[in-house]
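In: here is my input, please return the structure:
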Amino acid sequence: MPLRKRLHSGPSPSHRFVKMSQTCQTPQGQLSKLEIAINSIIDVFHQYSRQEGHMDTLTKVELKLLIQKQLANYLQHVTNQVSIDQIFKDLDTNKDHQLSFGEVMLLIIRVTIATHEHLHFCEDQQQQHHHHQQQHNH
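Out: Numbering: from 1, shown residues only. Just a heads-up that it's a prediction; the model follows:
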(Lines give C-alpha, C1' and ligand atoms only; values in the text may rest on other atoms or scores of the structure.)
Protein backbone atom coordinates (compact mmCIF):
# COMPACT_ATOMS: atom_id res chain seq x y z
CA MET A 1 0.00 0.00 0.00
CA PRO A 2 1.50 3.37 -0.95
CA LEU A 3 2.53 5.60 1.93
CA ARG A 4 0.09 8.34 0.92
CA LYS A 5 -2.83 5.91 1.02
CA ARG A 6 -1.72 4.53 4.40
CA LEU A 7 -1.50 8.02 5.86
CA HIS A 8 -4.98 8.98 4.68
CA SER A 9 -6.69 5.74 5.59
CA GLY A 10 -6.57 6.62 9.29
CA PRO A 11 -4.92 4.85 12.18
CA SER A 12 -5.33 1.15 12.58
CA PRO A 13 -6.99 -0.14 15.79
CA SER A 14 -3.60 -1.07 17.22
CA HIS A 15 -2.40 2.51 16.89
CA ARG A 16 -5.17 4.17 18.91
CA PHE A 17 -3.35 3.44 22.19
CA VAL A 18 0.07 4.59 20.97
CA LYS A 19 0.63 8.34 21.08
CA MET A 20 3.92 9.15 19.42
CA SER A 21 5.34 12.65 19.48
CA GLN A 22 4.36 14.70 16.44
CA THR A 23 7.99 15.75 16.03
CA CYS A 24 10.67 13.43 14.74
CA GLN A 25 13.14 14.27 17.47
CA THR A 26 14.66 11.58 19.62
CA PRO A 27 12.92 11.00 22.96
CA GLN A 28 14.00 13.28 25.80
CA GLY A 29 14.35 10.54 28.41
CA GLN A 30 16.53 7.48 28.44
CA LEU A 31 14.98 4.59 26.54
CA SER A 32 13.87 1.54 28.49
CA LYS A 33 15.07 -1.97 27.63
CA LEU A 34 11.80 -2.66 25.83
CA GLU A 35 11.99 0.58 23.83
CA ILE A 36 15.57 -0.27 22.85
CA ALA A 37 14.39 -3.74 21.77
CA ILE A 38 11.61 -2.19 19.64
CA ASN A 39 14.11 0.13 17.96
CA SER A 40 16.42 -2.83 17.36
CA ILE A 41 13.66 -4.82 15.64
CA ILE A 42 12.91 -1.86 13.37
CA ASP A 43 16.61 -1.33 12.61
CA VAL A 44 17.15 -5.00 11.75
CA PHE A 45 14.08 -5.03 9.49
CA HIS A 46 15.41 -1.99 7.59
CA GLN A 47 18.89 -3.49 7.37
CA TYR A 48 17.39 -6.28 5.25
CA SER A 49 14.44 -4.49 3.57
CA ARG A 50 16.72 -1.98 1.89
CA GLN A 51 18.84 -4.56 0.07
CA GLU A 52 16.61 -5.07 -2.98
CA GLY A 53 13.13 -4.30 -4.25
CA HIS A 54 10.91 -1.92 -2.28
CA MET A 55 12.79 -0.16 0.51
CA ASP A 56 10.26 -1.00 3.22
CA THR A 57 9.36 -4.62 2.45
CA LEU A 58 11.22 -7.93 2.36
CA THR A 59 11.61 -10.15 -0.66
CA LYS A 60 12.15 -13.90 -0.26
CA VAL A 61 15.91 -13.33 -0.61
CA GLU A 62 15.87 -10.67 2.13
CA LEU A 63 13.73 -12.86 4.41
CA LYS A 64 16.15 -15.76 3.94
CA LEU A 65 19.11 -13.54 4.84
CA LEU A 66 17.31 -12.14 7.88
CA ILE A 67 16.49 -15.64 9.14
CA GLN A 68 20.02 -16.94 8.49
CA LYS A 69 21.80 -13.97 10.09
CA GLN A 70 19.39 -12.81 12.79
CA LEU A 71 17.39 -15.90 13.81
CA ALA A 72 19.96 -18.65 13.23
CA ASN A 73 19.74 -19.98 16.79
CA TYR A 74 15.95 -19.84 17.09
CA LEU A 75 15.12 -21.10 13.59
CA GLN A 76 17.87 -23.71 13.21
CA HIS A 77 15.46 -26.07 11.43
CA VAL A 78 14.88 -23.56 8.59
CA THR A 79 17.69 -24.70 6.35
CA ASN A 80 16.26 -24.99 2.84
CA GLN A 81 14.43 -22.87 0.30
CA VAL A 82 11.23 -24.90 0.68
CA SER A 83 11.06 -23.88 4.35
CA ILE A 84 11.74 -20.23 3.48
CA ASP A 85 9.06 -20.33 0.77
CA GLN A 86 6.51 -21.74 3.22
CA ILE A 87 7.31 -19.16 5.89
CA PHE A 88 7.09 -16.39 3.28
CA LYS A 89 3.74 -17.69 2.02
CA ASP A 90 2.35 -17.91 5.57
CA LEU A 91 3.48 -14.37 6.43
CA ASP A 92 2.37 -12.72 3.16
CA THR A 93 -1.20 -12.19 4.37
CA ASN A 94 -2.16 -9.79 1.58
CA LYS A 95 -0.51 -12.01 -1.09
CA ASP A 96 1.47 -9.16 -2.70
CA HIS A 97 4.69 -11.25 -2.87
CA GLN A 98 6.54 -9.00 -0.43
CA LEU A 99 6.54 -8.77 3.35
CA SER A 100 5.66 -5.52 5.08
CA PHE A 101 6.99 -4.71 8.54
CA GLY A 102 3.66 -5.82 10.04
CA GLU A 103 3.83 -9.15 8.23
CA VAL A 104 7.41 -9.75 9.41
CA MET A 105 6.29 -8.90 12.95
CA LEU A 106 4.05 -11.99 12.78
CA LEU A 107 7.25 -14.07 12.53
CA ILE A 108 8.89 -12.12 15.37
CA ILE A 109 5.79 -12.63 17.53
CA ARG A 110 5.67 -16.38 16.82
CA VAL A 111 9.39 -16.83 17.54
CA THR A 112 9.12 -14.77 20.73
CA ILE A 113 6.13 -16.75 22.02
CA ALA A 114 7.79 -20.08 21.17
CA THR A 115 11.00 -18.95 22.91
CA HIS A 116 9.04 -17.89 26.00
CA GLU A 117 7.29 -21.27 26.14
CA HIS A 118 10.58 -23.12 25.60
CA LEU A 119 12.25 -21.21 28.45
CA HIS A 120 9.40 -22.17 30.78
CA PHE A 121 9.63 -25.79 29.61
CA CYS A 122 13.37 -25.85 30.36
CA GLU A 123 12.78 -24.20 33.72
CA ASP A 124 10.17 -26.83 34.59
CA GLN A 125 12.54 -29.63 33.51
CA GLN A 126 15.30 -28.22 35.73
CA GLN A 127 12.95 -27.97 38.69
CA GLN A 128 11.76 -31.56 38.20
CA HIS A 129 15.37 -32.76 37.92
CA HIS A 130 16.34 -30.84 41.07
CA HIS A 131 13.31 -32.20 42.96
CA HIS A 132 14.13 -35.75 41.78
CA GLN A 133 17.74 -35.38 43.03
CA GLN A 134 16.53 -34.15 46.42
CA GLN A 135 14.30 -37.22 46.81
CA HIS A 136 17.25 -39.54 46.12
CA ASN A 137 19.43 -37.73 48.65
CA HIS A 138 16.96 -38.30 51.50
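
In: skip the chain neighbours and tell me the closest residue to the residue nearest to the spatial centre of the chain.
Out: Nearest to the mean C-alpha position of the chain, by C-alpha atoms, centre = their mean, lies residue 108 at 2.2 Å. Of all residues not flanking residue 108 in the chain, residue 41 sits nearest, at 6.3 Å (C-beta to C-beta, 6 or more residues apart in numbering). All C-beta atoms are positioned from the backbone trio N, CA, C, and that covers glycine.

In: biggest helix in this protein, by residue count?
Out: helix 101-137 (DSSP state H).

In: so which elements touch that helix?
Out: Helix 101-137 sits against helix 33-49, helix 81-91, with contacts defined as 3 or more C-beta pairs under 8 Å, 6 or more residues apart in numbering; DSSP states H and E.

In: show me what the last one packs onto, helices and strands only.
Out: Taking 3+ C-beta pairs under 8 Å, 6+ apart as contact, the helices and strands that helix 81-91 lies on are helix 60-70, helix 101-137.

In: closest to residue 95 out of those helices?
Out: helix 101-137 (10.6 Å; C-beta to C-beta).

In: helix 33-49 and that closest one, what's the angle between them?
Out: Angle of helix 101-137 versus helix 33-49, following axes from the mean of the first three to the mean of the last three C-alpha atoms, to 10 degrees, is 130 degrees.

In: what comes up buried for helix 101-137?
Out: By 16 or more other C-beta atoms under 10 Å, the buried positions in helix 101-137 come out as 103, 104, 105, 106, 107.
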